[in-house]
Structures are given as C-alpha cells and as structure tokens.
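Engineer: kindly return the folded structure for what I paste below:
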Amino acid sequence: MARTKGRRRLTCHHEAGHALTRWYFGHKTDSALVLTVDEVCAGKTIRNRKGVVIDGCEGIVEGYDIHGYPYGPMLTTGSAEEQDYSNYLRAINRDIELINCFAGITAEAHYRHASVSACMLAGGIQDMHHARGLVDAWDLPYEEQQALLRLSELRAAALVRSKPGSAAIKAIAEALMERGRLTGEQIARLCRKAYNGRECAHSAWNAHWPATPKQIRAGFIPERLGQIA
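Structural biologist: Just a heads-up that it's a prediction; the model follows:
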C-alpha cells in the first residue's frame, strides 16, 4: 500500500470501473466509498448495504444486486416459454455482473499501465472469486465457461478503454480522491457528462443483447425518453 495519508488513486479507479459499469447498463447505484490509507491502517471497516462487514475492503460501490443469489437460472411456475424467457433475462444480468467483476480490475490495470492478469492477483481476487461463482452456478461446459469469462473481460476492456468510458472513470476517480464518497446521482451526473447527456434506462439493453465489445467501445447506449443532462 502506498505511504500516503489520502486515498489511493488505484483504488479510486478500481471502484470507478464498477460504478461506470452499473450506470452504463442501466443499474442504479446507492453510493461509492473509498477509505483513506490512515483509515485502513486504523482498522476502519466497510459494511455493505445489508450491514455485513467486508473484510480487507478499501473501497466499495453499493447498489442492489445486478444478478441476485442464487446465481443460476430460477425455476418458474409458468410455461416452458416463460421459463426460457426467465432464463434469458437472468443470463443478461449474469453477463452484466460478469462485466462488472472485470471492470474494476480492468480500470485498475488501465490506470497502472499493467496487465489485467497482474491486477487480478492484487486487488481483484474477490472480484474473480465472485465471477467464478456466477459462472459455476450456470453449470456450463468448461469450454463455454472459459468463453464467457473471456467475452466478459473483452466487454469490460471495451467499456473502460472507450473514450467516454475512460473520461467517466477519470472523473469519478478524481471525485472519490477528493471526497471519499459519492452518491449514485453524483456518479450518474459525471457519467452523463462523459456520454454527452445520454443515459440508459433500466432493462433497455434487453432488446439489444448480446452486447458486443464493438458496440460498447463506440459508446452505444439504448435510447430512452426524457434524456437529462
């Protein structure tokens, strides 16, 4: 850990990657928080929105679960078609949550000019553990699991390294460095500025899935009524 009394820019960029992902795919965020080095050394802990202490946590982005537990498909009491549609929607949320898992690591790597693999072994262990749990719950063949993880990494890289995505992450990280905590609306305002006032409505991506790295890199956002700047 860097010997500074303030917050680590690395952590701020990592959490900014998570914050951007939630916003970009239309999922609301409660807040983002990054502790100072002094606070971490003094033993200050972070609790999630359910009140659970997250051990060894230096920063967190809070909001409802994108893909709630249990992580796999959920059985419905409806017809086979309704079950297929439920599986489809949950698979979309699974994919978005997997992008979220990689986005913090990728934002960290982009800031450090380091490899994503190196950052996985540093601040990304919990994110990768979560990603593996998501994929395992769907009981996919090993080859499909690996392909899904690789696609998630490519999507996260496209988002983080895109021109508007990079600008949003930089703005969020700078604000976290200065204030330590941002509300969901403050994050959304910074993201809208980077994306020229556009914003995705919740579930708007469903009609455009699967999202491609090319779409994400281009800053594509499904249109919504009543855009706000």
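
Engineer: I'd like to know which elements the helix or strand where residue 102 lies is packed against.
Structural biologist: Remark: residue 102 resides in helix 80-112, with elements defined by DSSP states H and E. On a contact count with 3 or more CB pairs under 8 Å, 6 or more residues apart in numbering; DSSP states H and E, helix 80-112 meets helix 9-24, helix 116-120, helix 125-136, helix 142-161, helix 163-179. C-beta here means a position set from N, CA and C on the backbone, and glycine is covered the same way.

Engineer: tell me which of those sits most buried.
Structural biologist: Highest mean neighbour count of the helices and strands packed on helix 80-112: helix 9-24, a mean of 27 (counted as mean count of other CB atoms under 10 Å).

Engineer: tell me the mean pLDDT over that helix?
Structural biologist: With pLDDT averaged residue by residue, helix 9-24 scores 97.

Engineer: the inter-axis angle of that helix versus helix 163-179?
Structural biologist: 130 degrees (axes from the mean of the first three to the mean of the last three CA atoms, to 10 degrees).

Engineer: re earlier: okay if I get the helices and strands packed on helix 80-112 as TSV plus distance to residue 86?
Structural biologist: Shown next, in TSV, are the helices and strands packed on helix 80-112 (distance: least, CB to CB, whole Å):
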stretch	distance to residue 86
helix 9-24	22
helix 116-120	32
helix 125-136	17
helix 142-161	19
helix 163-179	30
